[in-house]
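**Student:** give me a 3D structure for the following:
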Amino acid sequence: MKKVPAAQVASPDQAMRADLPESVQLALGDLAGAAREGLLALSVGVGLGVMHELMAAEVDDVVGSKGRHDAERSAHRHGSEQGSVTLGGRRVKLERPRVRSADGAAEVKLESYEHFASRDPLADLVFERIMAGVSSRGYARTNEPVGQEVEAEASSSSKSTVSREFVERTRSALGELMSRRLDDVRLAALMLDGLEVCGRCHVVALGITTEGVKIPLGLWEGSTENATLATALLADLVDRGLDPEQGILFVIDGAKALAKAIRDVFGAPAPVQRCVRHKERNVLDHLAEAEREIVRRRLRSAWAIADHAKALASLRALAAELERSHPSAAASLREGLAETVTVQRLGASEQLRTTLASTNPCESMIEIVRRIQRNVKRWQEADMRMRWTAAGMLEAERQFRKIIGYRELANLAVAVEREIARSLPSPVPAPGMGEEVPEPATV
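**Tutor:** Predicted coordinates:
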């Protein structure tokens, strides 16, 4: 008896492929394998295919379709070679077509390949991840899956490569920060503060425009926070176009070196606001723990007074009281006391006083710098310290918002200019000007 084989029912997938060309079936098989590794791996496979199609289409546009003779063509196909593109945080190998000019003298660049082959996206991704706290050793683990076949031939995710990309990116950040032109920048306030990086001091400058926008202006490195260091930074800002004649309120932590640098570069009349938070900490450090809260409330109550004369009188009264029991605290309070109420003297609004009475905006920027530097295990040359600080300042800039009360900043700038004008000596009239000329005597 003849045996009849059982009928086999084709799956929907097999039925769909039955009438497809073999090349298409192979491509579908590759995509199905990538899909099993995850959606991102599937997307990478599709993306590489799209890149090939775009490059092939550009070759046709430049050279013409295959099989069609064109005596006037300006270029011809020249085979292919191994290239690489940036994909998923790594460099992936890619077979790219080549085109040469008709006379064979030069290679014709394909714009599509140049776009995909650019290393800028890789450098940007490395920078973003390290700014977010990813170490160079852990970078490869944060890459998106691209499939085993692509991953096996991928490159540029090793620690050394990541470090090189980051060095180049931060070097660009340092150059960008230190070359910013300030000719058209109208500042209402400029804050100076320092931070220590591996035993060295960085003095950083943060500007606040009359529109309330915070701008990192620059940094300078030295051994300590001294007047020479701060003067070099401020002079560099002037060299880059900052107008020293515009009315600017300077906000500092209280360091005498910073105040001296401001006077040397911008003149003695330049108004300086001492940071009230630094002053508060300095005073409280001289008191017993049990007495600090009372004095803290007295200080903050005085600094909250809008009237300049009353605020100054309240602080002087507190200093007189402290003189009897804590003379060192009284001396600390009296040192630079008038400069802690500069914003009141200029008539700043309550909202502006809250922001400009301290260096908190600048310290917030410094805190971001410290946060991104926490993964550094070994500091090397000065360039490295400067690069990381500059990168942190620019990262902070991306997170900045306009300050509270920014609509009053233009009025503050005008008040500063008027105060400076009043403090300048009146011009001396030229000899003979304004004097009556006696009539000649008649004989």
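**Student:** residues touching residue 387, list them.
**Tutor:** With contact set as C-beta atoms under 8 Å, 6 or more residues apart in numbering, residue 387 has these partners: 167, 170-171, 173-174. (Each C-beta comes from the backbone N, C-alpha and C, glycine too.)
**Student:** any idea which of those residues is least confident?
**Tutor:** Among the contacts of residue 387, residue 167 carries the lowest pLDDT, at 80.
**Student:** so that one lies in a helix, does it not?
**Tutor:** Yes - counting by DSSP: H, G, I helix; E, B strand; the rest coil, residue 167 is part of a helix.
**Student:** mind checking how far it is from residue 374?
**Tutor:** For residue 167, the distance to residue 374 equals 18 Å [C-beta to C-beta, to the nearest Å].
**Student:** just name the shakiest helix or strand of this protein by mean pLDDT.
**Tutor:** One helix or strand of the chain scores below all others by mean pLDDT, DSSP states H and E: helix 12-17, with a mean of 52.
**Student:** before we move on, the earlier item: more neighbours, residue 167 and residue 374?
**Tutor:** More crowded of residue 167 and residue 374, by other C-beta atoms under 10 Å: residue 167, with 15 against 8.
**Student:** give me the phi and psi for the residue lying closest to the more buried one once chain neighbours are set aside.
**Tutor:** Spatial nearest neighbour of residue 167, chain neighbours left out: residue 387 (7.2 Å); criterion: C-beta to C-beta, 6 or more residues apart in numbering. Dihedral angles of residue 387 (phi, psi; degrees, to the nearest 10) stand at phi -60, psi -40.
**Student:** what's the answer for residue 270, then?
**Tutor:** Phi and psi for residue 270, reported as degrees, to the nearest 10, are phi -60, psi 120.
**Student:** what's the distance between the residue lying closest to it once chain neighbours are set aside and residue 179?
**Tutor:** Spatial nearest neighbour of residue 270, excluding adjacent residues (C-beta to C-beta, 6+ apart): residue 262 at 5.4 Å. Residue 262 sits 23 Å away from residue 179 when distances are taken as C-beta to C-beta.
**Student:** out of these two, which sits in the more crowded spot?
**Tutor:** residue 262 (23 against 9).
**Student:** from residue 403, how far out is that one?
**Tutor:** In this structure, residue 262 and residue 403 are 21 Å apart, going by C-beta to C-beta.
**Student:** residue 377 too?
**Tutor:** Separation of residue 377 from residue 403 (C-beta to C-beta): 36 Å.
**Student:** so those two - more neighbours on which side?
**Tutor:** Applying other C-beta under 10 Å to residue 377 and residue 403 shows that residue 403 carries more neighbours, namely 21 against 6.
**Student:** hang on, that one packs against residue 354?
**Tutor:** No - counting by C-beta atoms under 8 Å, residue 354 is not a contact partner of residue 403; they are 9.2 Å apart.
**Student:** residue ranges with poor pLDDT in this protein?
**Tutor:** Flagging of the chain using pLDDT under 70 yields the residue ranges 1-48, 67, 69-72, 86-90, 118-127, 135-162, 426-443.
**Student:** so what are the domain limits for it?
**Tutor:** 24-66+73-173, 186-423 (automatic domain parsing).
**Student:** ranges for the strands of the stretch 301-443 of the chain?
**Tutor:** With DSSP state E, counting those that start in this stretch as the criterion, the stretch 301-443 of the chain has no strands.
**Student:** again, but for the stretch 51-200 of the chain
**Tutor:** 75-87, 90-101, 187-197, 200-209.
**Student:** what residue is smack in the middle of this structure?
**Tutor:** Centrality entry for the chain: nearest residue to the mean C-alpha point is residue 394, 0.7 Å, by C-alpha atoms, centre = their mean.
**Student:** tell me the contacts of it?
**Tutor:** Applying C-beta under 8 Å, 6+ apart, we find residue 394 in contact with 173, 176-177, 216.
**Student:** change it to 6 Å
**Tutor:** Residue 394 makes contact with residue 173 under the criterion C-beta atoms under 6 Å, 6 or more residues apart in numbering.
**Student:** same question for residue 108.
**Tutor:** Neighbour list for residue 108: 75, 99, 101 [criterion: C-beta under 6 Å, 6+ apart].
**Student:** same question for residue 312.
**Tutor:** For residue 312, the contact set (C-beta under 6 Å, 6+ apart) comprises residue 341.
**Student:** next up, the contacts around residue 261.
**Tutor:** 227, 230-231, 234.
**Student:** so which of those residues is the closest to residue 279?
**Tutor:** Compare each of those with residue 279 using C-beta to C-beta and the shortest gap goes to residue 230, at 19.1 Å.
**Student:** perfect, that will be all.
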